[in-house]
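Undergrad: what would the 3D arrangement of this be:
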Amino acid sequence: MKKSAKLKNLEGGILGCIAGQEPCTAYRVHKEFSNSPALYFSGSAGAVYPAFRRLEARRLIRAKSVGTQLRPAKGYVLTKAGREVFQAWYLTPALAADGGFDPLRLRFSMIESQPPETRAKVLGDLISAATKRIQRVKKMLAALPQTSAPYFATQLELAALQAKVKVMQTWKKNGPDLEGVDRGSSVLFQEK
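TA: Residues are numbered from 1 along each chain as shown. Okay, here's the model as predicted:
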């Protein structure tokens, strides 16, 4: 089994933040995720801090004292094993191409779970929420240096959101009758 298979995406994201900003505090990662254009990770303290503890228990990161005597803080650095696991995870293209968690796609794929009379409203609400998110991502993009990796990552997020809205608008306008959707047809629930 590859070392990367043992690393969850949240943990890989955390290791990546640490690798780019060593030493890096859990708070800094929490803020980085919270300010990300992608909604993949919530950046919630309830997810980030326990993940740090798991990574430290697995000896993939280690704490290092940073800050001052008046304001001490724990910064983290990757261990040799942590760097190896991160590299294996990061350089596995199949993991990057996996559909992964996508709240918009998941909700859209479950539209048939709603009563027929509310499906059009649900679809309209999804389109509206994604369109609002597009506007926020465009503002983020405008504030980033155009030659930076975060700029291009934000462009990817923007393009993905725009494509999702286009598909949902096409479905709303031309799609099949939502009452006839087969509940078992969702690729999200088929065995691989």
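
Undergrad: what are the buried residues along the stretch of helix or strand M140 belongs to?
TA: Take DSSP states H and E as the rule and M140 turns out to sit in helix 116-142. Buried residues in helix 116-142, counted by 16 or more other C-beta atoms under 10 Å: 119, 122-123, 126-127, 130, 133-134, 137, 140-141. (C-beta placed from N, C-alpha, C; glycine too.)

Undergrad: now swap in stretch 76-89 and tell me
TA: Going by neighbour count (16+ other C-beta under 10 Å), the buried part of stretch 76-89 is 76-79, 82-83, 85-86, 88-89.

Undergrad: farthest-separated two in these?
TA: Y76 and A88 (19.1 Å; C-beta to C-beta).

Undergrad: which residue ranges make up each domain of this protein?
TA: Following automatic domain parsing, one finds the domains of the chain at 3-97, 103-175.

Undergrad: ok, P23 to L156 distance?
TA: Per C-beta to C-beta, to the nearest Å, P23 is found 28 Å from L156.

Undergrad: where along the protein do the strands fall?
TA: Using DSSP state E, the strands found in the chain span residues 61-67, 72-78.

Undergrad: mind listing the strands the first one pairs with, and their directions?
TA: Which is strand 61-67. Its sheet considered, strand 61-67 pairs with strand 72-78 (antiparallel) by DSSP bridges.

Undergrad: pull the partner strand out as CSV, backbone CA atoms only.
TA: Taking C-alpha atoms only, strand 72-78 is exported to CSV below (Å, rounded to 0.1, in the frame of the first residue of the first chain):
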residue,chain,number,x,y,z
PRO,A,72,4.4,31.7,22.9
ALA,A,73,3.1,29.6,20.0
LYS,A,74,3.7,26.2,18.5
GLY,A,75,4.9,26.1,15.0
TYR,A,76,5.1,22.9,13.1
VAL,A,77,7.6,21.5,10.7
LEU,A,78,7.5,18.3,8.6
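
Undergrad: other residues contacting it?
TA: Surrounding strand 72-78, the residues in contact under the criterion C-beta atoms under 8 Å, 6 or more residues apart in numbering are 15, 18-19, 22-27, 52, 56, 60-67, 86.

Undergrad: from those residues, list just the buried residues.
TA: By neighbour count, with 16+ other C-beta under 10 Å, the contacts of strand 72-78 hold 15, 18-19, 23-26, 52, 56, 60-61, 86 as buried.

Undergrad: as a markdown table, those with distance to Q169 and pLDDT would be great.
TA: Shown next, in a markdown table, are the buried ones among the contacts of strand 72-78 (distance: C-beta to C-beta, whole Å; pLDDT from 0 to 100):
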| residue | distance to Q169 | pLDDT |
| --- | --- | --- |
| L15 | 38 | 91 |
| I18 | 40 | 91 |
| A19 | 39 | 88 |
| P23 | 46 | 90 |
| C24 | 40 | 88 |
| T25 | 42 | 89 |
| A26 | 40 | 90 |
| F52 | 40 | 93 |
| E56 | 46 | 94 |
| L60 | 43 | 96 |
| I61 | 44 | 96 |
| F86 | 39 | 89 |
